[in-house]
Each structure stands twice: as structure tokens, then as C-alpha cells.
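> Predicted structure and sequence below. I'll ask about it afterward.
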Amino acid sequence: MVDHKEVSYTPVGSNAIHCREVCLQVKKKKILDQVSFEVPRGSITGLLGPNGAGKSSLLRMIAGLSAPDSGSVHIFDQPAGEAMLSKLSLLPDRGSLPGWLTAGKWLAFARSIYPDWNDASAEQLVESLKISLDSRISVMSRGEEARLQLLTCLARTAPLVILDEPFTGVDMISREQISSTVVSELADGERTFLIATHDIREMEMLFDRLILIKDGQIQSVANVEQLRSSGKSVESHYREVFA
Ligand SMILES: Nc1ncnc2c1ncn2[C@@H]1O[C@H](COP(=O)(O)OP(=O)(O)OP(=O)(O)O)[C@@H](O)[C@H]1O
């Protein structure tokens, strides 16, 4: 039986993210309710839950784009916020790129604004994500733009990568290819990934840790290896918790 409210915290200094008793209310509606968890450095953690669970709200808070009403959010042992922006690379849920630019021009711009941009990595990602540099963003399909957004996020060397639904609009085969090649190549044990997704089947091989959330409350924090050794998959655990 998996402990649905795991509270065994790892020692200070080994966490990329530490949320403690985070609460957020918008227009009298509880969005996040006493949310506590840790994301160990170097892990690839999946943040899973049904629509409206609070995943994007939580990721925005970790990225420092909003503040909790109460509780605390720390990134690498420092309070989340503007000062920590250089430590993370965020792919937001509803980002939109400037449509009037070509992909190539956008990437040149991104290179100029991100001090941690890695040219070699960007070049490799152009190949693996099949980005057409001459295409104007406004005429790209949803999936093509999603790939370009993913590239923009992954070409940086920030130690914390936060991806909110990275595969929206990306076709099934490409999702599998991208998750198995791109993200796993980048996950070198040094960088930490926190990924909110509904694409459990395509992503499940990547995750070493799961956080399951519903109605703004953490339902389960689980170690994927432990799940597997008890004969469960990420999907079966998800069904067990939410079905
Ligand atoms: N600015 C806001 N004003 C009012 N309600 C909000 C606001 N932001 C979020 N919410 C509500 O908070 C809840 C959580 O939203 P959130 O986008 O975090 O969920 P999610 O888990 O990312 O959902 P999905 O899987 O559908 O993307 C939803 O019910 C949403 O309507």
C-alpha cells in the first residue's frame, strides 16, 4: 500500500523545491490547500491530477509568478520569487510566442535575453524537435509552436526546469519520441525537472517521483521505483488514487 500522504522529508540542501503548507485563494475559492512536498535535486517529478486540480497555479507559484496567501515556497533553499528567476526555466501552460517572427529570429532573440542559453544544446534540439527555422510562428500549427516553446525552455542550462503541459497539441508518436530522447538526454542527474502533464503513458518512463493533486490538495507523493517494485505503474497508481 502506497502512503498517500508521505511526509518523510529529505535533508536540507538536497531539495530543488520545498513547499510547506501552501495555501492560495482566488475570489473566495480555495485553489491550493495546505500543499506540502519536496522535489529532490536531480529528480524528474511528474505533477499529475485532473483538470482544475491546481497544477498550473502551483507551478506559477514555484516559478515566483504569484505568491501564496500562507505557507512557503523555497527553491534551492531560497524563497521563490524574482531573485530566483535565473535558476529556473519555465514552460508556461499558455505561453504564446511573437507570431510575426520566424522560429530562427525568435531563437536569436531568446539567445540574447537568456544568459544561460546553450548554443550546442539549441542546435541539437532544432534537429531532434524538427524545428523549421524559416517558418513564421503565426502560421505554425499548435504542435509546431509547442515544440518551439519546449526548445526555448530546454536550451537553457538553468538547474530547475518546470514544464506545464509541454505536449499540448503534439502528436502521439512525437510525444513519445520527445519524452524518451530529448528530456531523458537532458536529465543528467544534475538538473531537476518538474513536469505537469496529462500524458501519463508517454511520460511515465521518465518520472522517478510523482506528486498527485486534486482540488488543491496533495493526494499522494510517491517514488516510482517503489511503485514498480510493488507491481504498479504510474497509470495504475493514478487510477487507484483518482478513480
Ligand atoms: N485567476 C483565477 N481566477 C479564478 N479562478 C482561478 C484563477 N486561476 C485559477 N483558477 C481556478 O483554480 C483552479 C485550478 O486551476 P489550475 O489552472 O491551476 O488547474 P490545473 O490543474 O492546471 O488544470 P488543467 O489540468 O485543466 O490545466 C481552477 O478551478 C481554476 O478555475
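Structure received. Numbers count the residues shown, from 1 in each chain.

> could you turn the biggest helix by length in the chain into CSV, dropping everything but the C-alphas?
Ordering each helix of the chain by length in residues (DSSP state H) puts helix 142-154 first. This file holds the C-alpha atoms of helix 142-154, laid out as CSV (Å, rounded to 0.1, in the frame of the first residue of the first chain):
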residue,chain,number,x,y,z
ARG,A,142,-0.2,24.2,-32.3
GLY,A,143,2.1,21.2,-32.1
GLU,A,144,4.9,23.0,-34.0
GLU,A,145,4.6,26.0,-31.7
ALA,A,146,4.6,23.8,-28.7
ARG,A,147,7.9,22.2,-29.9
LEU,A,148,9.5,25.7,-30.3
GLN,A,149,8.4,26.6,-26.8
LEU,A,150,9.9,23.4,-25.5
LEU,A,151,13.1,24.1,-27.3
THR,A,152,13.2,27.6,-25.8
CYS,A,153,12.9,26.2,-22.4
LEU,A,154,15.3,23.3,-22.7
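
> Buried ones in that helix, by neighbour count?
The neighbour-count check on helix 142-154 (16 or more other CB atoms under 10 Å) flags 144-154 as buried. Just so you know, the C-beta spots here come from the backbone N, C-alpha and C atoms, and that holds for glycine as well.

> mean confidence score for that helix?
Mean pLDDT, computed over helix 142-154, is 90.

> ditto for stretch 71-88
The model assigns stretch 71-88 a mean pLDDT of 93.

> List the buried residues in that stretch.
Quick answer for stretch 71-88 (16+ other CB under 10 Å): 71, 73-76, 80, 84, 87-88.

> Which ones among these lie within strands?
71, 73-75, 88 (DSSP state E).

> that older thread, against which helices or strands is the longest helix of the chain packed?
In terms of contacts (3 or more CB pairs under 8 Å, 6 or more residues apart in numbering; DSSP states H and E), helix 142-154 is packed against strand 88-91, helix 103-113, helix 119-128, strand 160-164.
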